[in-house]
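>>> sequence first, predicted model second:
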Amino acid sequence: MLAGSGADDPAMRFLLIVFISAAAFAQEFVPEKVVFPITDFKPDLQYLSPVSLKFATGFCLDPDCRFVGTNYHVAKLMGKYVRIQGAFSANRYLDSSPDDAGAEDVKMLSLFAGSLKYTPAHDLAIYEMRHPLKGRHGIGFAAEDAEELQASPDVEIYAYPLHWNPKRGLAHWQGKFIAITAQGLLAFRCGQGGLAAGASGGIVVDSRTKKIVGILSEKGDDNDGPDQVALAVPVTELSAFVTRAQPYLQAALFPKTVFVSPVAADLYPPYVWPRSNDFLPRPTNTPQVFKLRLAAQHLADSLHDFTATQTFAWGHDNRQPDAVDAFETLIADGWQQWRRPGTKKLYSRIPFPPLDDWMLPGSEWSWLPQMVGTELDLKIHQAPDAVVGGRTVRVFQYAAGAEDGVCPFAYLRNFVLFQSAKPEFYDCHGEVWTDEAGIILRISEALDLTGPAHHYWAVVTYGWLEKGGTQYLVPVTIASQLERKKTYWCRGLFTDYEMFDVKTRLLVLDGQGRLSEFGP
């Protein structure tokens with residue numbers, strides 16, 4: 001078994017490695033391979049019904065169909081975990097909520113569903129499946145504006161509506177773009193009859209390019225004729241949603257929208273510092289480096305009290321994940337713990353995945369900004385600015401030698417009754433990206449390990465979160481990899497944040513099941 005983990009004690013800033021001995025969208029568009037029915041059968045306790053039948057439509061979001069797209073209102077009615085085409089979902093991501101500024105009550109067409117409050121233009125959701133759906137694949141997307149849709153207005157609509165027969169078939173309508181509604185939805189005229197409950201989550205495909213331009217959301221009103229009107233969420237909103245919910249998918253689905261990649265290589269080769277006399281003091285920080293250190297220290301200090309959901313995907317080489325999982329993480333006074341959703345047992349380290357060989361990211365999301373901000377033996381050099389995703393990024397390169405004692409690493413040998421670890425320091429280097437205002441966007445770290453593992457590399461990205469009218473800079477993704485015969489990787493994502501201010505105290509269970517109070 002191979003694993004990496006952050007140190008539990010903030011005073012022991014080292015990484016742990018555990019050793020235990022013993023697509024591209026190039027396929028032909030076949031609707032039945034891309035879009036499919038979603039059906040849920042459960043007892044309905046709310047209406048005291050022995051069974052509740054829920055019907056909807058989903059589509060493959062990515063080439064391998066490990067991510068399924070549908071509507072927000074579908075995912076809210078279906079629940080957090082569903083079974084689609086024999087595969088179980090691992091995580092659910094929602095693009096709207098009842099608390100959104102533009103949220104409104106929308107009446108559901110399905111039986112007993114009542115109404116839901118959400119923003120129609122954000123009526124999107126993503127299910128991350130534990131395994132790709134067999135025999136399915138995604139197709140490309142086209143983020144077309146009104147002028148482009150007017151120039152090529154003909155579309156094909158595919159969905160699985162319910163017509164009182166639970167065994168639904170794929171329905172197909174030919175449509176024509178009309179306009180963009182006041183709610184920001186795409187309106188299509190698509191002939192007479194057929195649109196019904198169960199069609200939500202279908203796809204609208206450009207007849208000429210065979211690319212998806214919208215996600216079918218609801219049936220609209222048409223007072224000018226007998227034809228029915230289909231309303232769809234535009235792909236531009238799907239692109240923005242994927243950027244927020246699954247940044248790792250963004251580069252594959254919408255490469256032109258990528259700004260800060262969570263997995264891309266550093267922009268420059270490692271900087272080679274001029275040789276200096278060991279008896280002379282190191283050069284002082286430039287004003288730009290001094291500003292970076294202040295920003296990094298402020299970022300590290302701001303990440304001491306919050307909760308979030310952390311999702312993980314483990315794999316090796318250039319393959320699909322071998323395992324996925326999700327945990328609630330609780331950080332109080334900088335002390336991080338995890339628990340499985342819906343449970344109370346807290347872990348001081350992420351539970352190991354059910355794999356023979358794997359790795360885990362550590363606490364780089366907090367340790368890296370703290371290192372940049374406070375480690376005076378860390379050499380920092382400002383590289384030339386770069387243009388990334390059409391925006392200017394300021395790039396700082398850092399490095400430290402093993403003799404500086406800045407970047408420790410430990411091989412933790414895990415035996416049946418005990419564990420042993422001996423941390424050692426290694427050469428390290430990386431890059432810090434900021435925007436033109438000095439806000440940190442991304443920090444990478446590379447450790448020059450000498451064996452038995454090699455080439456440890458980690459990347460953390462940061463983004464803005466707004467809660468209660470206040471903006472917070474928080475970690476968004478954390479990805480790491482390590483070479484040991486194969487390249488083992490882990491990709492983590494932070495979602496569902498709750499931030500705590502100085503007046504908030506967080507109650508968690510201690511090791512004996514008693515409530516302990518954390519907070520200032």
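The structure has been received and is ready for your questions. Remember, it's a predicted structure, so these values are computed and weren't measured experimentally. Numbers count the residues shown, from 1 in each chain.
>>> quick check: bridge partners of L473?
L473 has these beta-bridge partners by DSSP bridges: W464.
>>> how close does it sit to T374?
Applying Cβ to Cβ, to the nearest Å, the value for L473 to T374 is 18 Å. Bear in mind the C-beta positions are built from the backbone N, C-alpha and C, glycine included.
>>> same question, A400
13 Å.
>>> so for these two, which residue has more residues nearby?
A400 (21 against 12; other Cβ atoms under 10 Å).
>>> so Q288 touches Q382, yeah?
Yes - the pair formed by Q288 and Q382 meets the contact definition of Cβ atoms under 8 Å, at 5.2 Å.
>>> find residues that contact each of the two.
Taking Cβ atoms under 8 Å, 6 or more residues apart in numbering as the criterion, Q288 and Q382 both touch 394, 396.
>>> got the domain boundaries for this structure?
As given by automatic domain parsing, the domain ranges for the chain are 45-237, 285-355+366-400+427-518.
>>> to F259, which of those domains lies closest?
When the domains of the chain are compared by Cβ to Cβ, domain 285-355+366-400+427-518 sits nearest F259, at 3.7 Å.
>>> how far away from the center of its chain is the closest one?
Once both centres are worked out by Cα atoms, centre = their mean, to the nearest Å, domain 285-355+366-400+427-518 turns out to sit 13 Å from its chain's centre.
>>> try stretch 152-165
30 Å.
>>> are we agreed that I157 is in a helix?
No - going by DSSP: H, G, I helix; E, B strand; the rest coil, the assignment for I157 is strand, not a helix.
>>> wait, it touches S207, no?
No - using Cβ under 8 Å, I157 is not in contact with S207, being 10.4 Å away.
>>> tell me which of the two has more neighbours.
I157 (24 against 13).
>>> leaving out chain neighbours, which residue sits closest to the more buried one?
Closest residue to I157 apart from its sequence neighbours, by Cβ to Cβ, 6 or more residues apart in numbering: W173 at 4.3 Å.
>>> on the three-state scheme, that neighbour is what?
Recorded secondary structure, W173: strand (three-state DSSP).
>>> pretty sure it contacts G191?
Yes - if you go by Cβ under 8 Å, W173 and G191 touch, sitting 5.8 Å apart.
>>> these two: which is more packed in?
The neighbour count for W173 versus G191, taken as other Cβ under 10 Å, is higher for W173 (24 against 15).
>>> any idea how far S152 is from G193?
Look at G193 and S152: by Cβ to Cβ, they are 25 Å apart.
>>> who's more crowded, those two?
In this view G193 and S152 are compared by other Cβ under 10 Å, and S152 has more residues nearby, 15 against 10.
>>> where does the more buried one land on pLDDT?
Looking at S152, its pLDDT reads 82.
>>> please report phi then psi for it.
Per-residue torsions, S152: phi -130, psi 80 (degrees, to the nearest 10).
>>> how about it, what does it touch?
Taking Cβ under 8 Å, 6+ apart, we find S152 in contact with 144, 206-209.
>>> now the buried members of these.
Burial by neighbour count, judged by 16 or more other Cβ atoms under 10 Å, picks out 144, 206 from those.
>>> pLDDT and secondary structure for the contacts of S152 - can I get that in CSV?
Shown next, in CSV, are those (pLDDT from 0 to 100; DSSP: H, G, I helix; E, B strand; the rest coil):
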residue, pLDDT, secondary structure
E144, 78, coil
D206, 94, strand
S207, 93, coil
R208, 92, coil
T209, 91, coil
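>>> quick check: the farthest pair among the contacts of S152?
Top of the distance list for the contacts of S152 (Cβ to Cβ): E144 and S207, 12.5 Å.
>>> pLDDT on the helix ranked longest in the chain, on average?
Using DSSP state H to define each element, the chain has its longest helix at helix 287-301. Throughout helix 287-301, pLDDT has a mean value of 96.
>>> elements contacting the following helix or strand past it?
For helix 287-301, the following helix or strand on the C-terminal side (DSSP states H and E) is strand 306-316. In terms of contacts (3 or more Cβ pairs under 8 Å, 6 or more residues apart in numbering; DSSP states H and E), strand 306-316 is packed against strand 323-332, strand 470-484, strand 486-499.
>>> OK, contacts around V324?
Under the criterion of Cβ under 8 Å, 6+ apart, the neighbours of V324 are 90-91, 128, 130, 311-314.
>>> mind redoing it with 10 Å?
66, 89-91, 128-131, 311-315, 353, 491 (Cβ atoms under 10 Å, 6 or more residues apart in numbering).
>>> got it, and E328?
307-310, 337-343, 346, 496, 498.
>>> over to P369?
By Cβ under 10 Å, 6+ apart, the neighbours of P369 are 293, 295-303, 432, 440, 443, 460, 462, 473, 475.
>>> mark which of the residues you listed are buried, thanks.
The neighbour-count test (16+ other Cβ under 10 Å) applied to those identifies 293, 295-296, 299-300, 303, 432, 440, 443, 460, 462, 473, 475 as buried.
>>> can you point out the buried residues in stretch 63-79?
Judged by neighbour count using 16+ other Cβ under 10 Å, the buried positions of stretch 63-79 are 63-78.
>>> ok, stretch 169-180 next?
Buried residues in stretch 169-180, counted by 16+ other Cβ under 10 Å: 171, 173, 175, 177-178.
>>> what does stretch 213-229 give?
Neighbour counts over stretch 213-229 (16+ other Cβ under 10 Å) mark 213-220, 227-229 as buried.
>>> over to stretch 468-487?
Neighbour-count burial for stretch 468-487 flags 473-482, 484, 487 (criterion: 16+ other Cβ under 10 Å).
>>> make sure T181 is actually in contact with G220.
Yes - contact status for T181 versus G220: in contact at 7.5 Å, counting by Cβ atoms under 10 Å.
>>> mutual contacts of these two, please.
Joint contacts of T181 and G220 (Cβ under 10 Å, 6+ apart) are 187, 229, 231.
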